[in-house]
Structure formats: structure tokens, C-alpha cells
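Undergrad: make a model of this:
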Amino acid sequence: MPLDERIITEAILESYFAKFKSCLDVDVAVVGGGPSGLTAARLLAADGFNVALFERKLSLGGGMWGGGMTWNTIVIQEESCHLLTDLGIPVKRFRDNYFTADAVAATTTLASAACLAGVKVFNCLSVEDVVLREENGGKRVTGLVINSSTVEMAGLHVDPVMIASKYVIESTGHPVEVLKTLVRKNDIRLNTPSGGIEGEQSMWADVAESNTPANTREIFPGVYVTGMAANAGFGSYRMGPIFGGMLLSGEKAAKEIAARLRG
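TA: Residues are numbered from 1 along each chain as shown. Have a look, this model is predicted:
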């Protein structure tokens, strides 16, 4: 049977917009497809929740692809090994509490596992704002405002669309783009000592790795921070090409949000 280009286009259109329509109202919207966002999204979807993940770039994975300085090997600690080995990603012991994994194998498997668990991934889509509502005497984030990354890159004045979400996970990493927009445009206080974004500090891997899961929590009603966004939001250090804290951060966020969604 000959192939018809129109039918190819029709298949893409109907499939994509069916997926998009199913995400107009989600349980959790994840912004940023790095290791913490992918882990949180996968675990929540596997738990039966409707999860959408928005990634500005064409590819998922954040900074994990390049390991350290494009040397595509990553380091994790023993307590986080299960978040790779449970997915069949080979992990090698280097010395006590230092384990290595191939960065490309880890990144591609985390992304694939998230999709297969039921996460609806929308790459090349940027989050340019949040949706706010009054709730219980205060404000809460109840959705995201999204636009095409190509529209954003071209600087075109094209209006965005929105989706509703019970929880948003801010996992944009160092830039903390969702939080910056939230603070800049609204008269609100975050759940931080200053009420604002505390800011990322310089390299201190040991402290940063322990602080990443510790700082993973609700920073504003409806918004959780994970990964480097958690440390930037609450004011801790960067850790470089060691990713155990990132993975554990995603796991913690998934557990806490799942418990809240169940009530």
C-alpha cells in the first residue's frame, strides 16, 4: 500500500492533540526534564497520577548528558543507586560511597522509563508564567502558562495557552525560572527565610548533596522545588557532576505529593 503524506500528518496531529487534551487538567505538572524532574514524574505516573512534563529544549536530561565537562560519566552515592539500578542502568563501584554510571545510558533510560510509566512529555514547550488563584485566604499556583519554545526564541508576540494542575514541580535547575516569574510578577512571599529566592551558592558537593533532598519541599502553595532549583530556592550550594541528591530529590517530591493528592 502506498504511503500518503497527508495521512502521516493526520496521524501526528490527532495523536499529539489527544495527548495534549488529556493534560488540560493534570495532577502534577513538572517544569524541566532533568534527573530530578524525570524521577519525580516517573514515580508519580507509576503511582497512577496524571503527570505532564514540559521541557523547553528538544531533548530531556538537563545537565546529566555531559557528565563532568563533557566526560560523559556521572557519579552517585550508594543511597541513590537504587534509582538507577531499579531501571536496569549499570552502576559500578569506584570506592566507598562513590559509584559511576554512563551518563548517556542513565539519561536515556530515565527519560524512556518516565514515558513508559505514563508521563506525557511535551518538549519544545516553554513555561512563561503560572496561574494564580485565591485559596483559603491566600494565593496558590493552580496551573501553568505555556508557549512554543520556537515562539519564545523568535521573540514573537503570540499569546500562550494554559493548563490546570493540582501541583507544579519546579525543576528548571540553576535558573529557577518558574520561581523567578512568580516572585517578579506577584506580591507574594515564598516559604523561605527572606520570603524571596535565597540564591545558589558556589561549589560544595558534600553539603549540596545532603541539602538537595532536604530542600525539596513546597516553597509556595502548589509549588514544589526539586534538584538544583531546591538549593537555589532555599539558598544552598551547587554540587557539580554528582547526581545522587538530584535523584533522591525527585523521589522525595513524588512521595510527598502523592500523599497529599491522596488526602
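
Undergrad: the residue most central in space within the chain and residue 165: what is the separation?
TA: Central residue of the chain (CA atoms, centre = their mean): residue 37, 2.7 Å from the mean position. From residue 37 across to residue 165, the span is 14 Å (CB to CB, to the nearest Å). Where C-beta positions appear, they are placed from N, C-alpha and C, glycine not excepted.

Undergrad: mind listing the helices for this structure?
TA: For the chain, the helices defined by DSSP state H cover 5-21, 35-46, 82-85, 103-117, 149-154, 177-185, 205-214, 227-234, 244-262.

Undergrad: pLDDT on the third one, on average?
TA: Think helix 82-85. Average pLDDT, helix 82-85: 98.

Undergrad: any idea how far it is from the middle of the chain?
TA: With CA atoms, centre = their mean, to the nearest Å as the basis, helix 82-85 stands 18 Å off its chain's centre.

Undergrad: in PDB, could you pull the C-alpha coordinates for that helix?
TA: This file holds the C-alpha atoms of helix 82-85, laid out as PDB (Å, rounded to 0.1, in the frame of the first residue of the first chain):
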ATOM      1  CA  HIS A  82      18.500   2.000  43.500                       C
ATOM      2  CA  LEU A  83      17.000   4.900  41.500                       C
ATOM      3  CA  LEU A  84      19.300   3.800  38.600                       C
ATOM      4  CA  THR A  85      19.700   0.000  39.100                       C
END
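
Undergrad: any buried residues in that helix, and which?
TA: Judged by neighbour count using 16 or more other CB atoms under 10 Å, the buried positions of helix 82-85 are 83, 84.

Undergrad: can you check stretch 180-191 too?
TA: 180, 182, 183, 190.

Undergrad: same question for stretch 47-57.
TA: Under 16+ other CB under 10 Å, the buried positions of stretch 47-57 are 47, 49, 50, 51, 52, 53, 54, 55, 56.

Undergrad: what's the answer for stretch 166-176, then?
TA: Residues 166, 167, 168, 169, 170, 171, 172, 173, 176 are the ones in stretch 166-176 that count as buried (16+ other CB under 10 Å).

Undergrad: what's the most distant pair in the residues you listed?
TA: 166 and 173 (23.0 Å; CB to CB).

Undergrad: could I get the helices of the chain as a markdown table with distance to residue 28?
TA: Shown next, in a markdown table, are the helices of the chain (distance: least, CB to CB, whole Å):
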| stretch | distance to residue 28 |
| --- | --- |
| helix 5-21 | 16 |
| helix 35-46 | 5 |
| helix 82-85 | 18 |
| helix 103-117 | 12 |
| helix 149-154 | 21 |
| helix 177-185 | 14 |
| helix 205-214 | 18 |
| helix 227-234 | 15 |
| helix 244-262 | 6 |
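
Undergrad: all set now, cheers.
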